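K.L.:
Below: sequence and its predicted model.
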Amino acid sequence: MTTIYHNPDCGTSRNVLAMIRQSGSEPEIILYLETPPSRERLIALIAEMGLSPRDLLRRKGTPFDELGLDDPTLSDTDLIDAMMAHPILINRPIVIAAKGTKLCRPSETVLEILENPDIGPFTKEDGEVVIP
């Protein structure tokens, strides 16, 4: 079963969802702004992706700057606390699939973890051809 932590307002997230569906899978969709992961789940996702909490922070369109999250002295716990308080800080989409868990930016990186990565022709919403 494939799962996507999804924001329907995000073009990258919509492209990834379309690629998953084009692979023949209907994923479990978690609207993470409405249903954020628990602290334990967020820590597990970060570990599964091999990222640091700082690697998962989203700056654009978030309170990142207002919260001073670019401060290098902030601990992983501080950054996770910020993501728990403001789920919009969690970069997306995160996909859990047959071959692993990945932050799928750019969107075509989802193909690396799908059971069926041979999805045929695909063009992103912005017109960029990913697979001719």
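P.N.:
Yep, that arrived.

K.L.:
Parallel or antiparallel, which strands does the helix-or-strand element of the chain with minimal mean pLDDT pair with?
P.N.:
Of all the helices and strands that make up the chain, the one with the lowest confidence by mean pLDDT, DSSP states H and E is strand 129-131; it has a mean of 89. Applying DSSP bridges, strand 129-131 is found paired with strand 122-123 (antiparallel).

K.L.:
Skip the chain neighbours and tell me the closest residue to Glu115.
P.N.:
Using C-beta to C-beta, 6 or more residues apart in numbering and skipping residues adjacent in sequence, the residue nearest Glu115 is Ala98, 3.8 Å away. Yep, even glycine has a C-beta here, placed from its N, CA and C like the rest.

K.L.:
Give me the neighbour count for the one you found.
P.N.:
The number of residues packed near Ala98 is 13, by other C-beta atoms under 10 Å.

K.L.:
Is it correct that it is in contact with Leu114?
P.N.:
Yes: assessed by C-beta atoms under 8 Å, Ala98 is found in contact with Leu114 at 6.7 Å.
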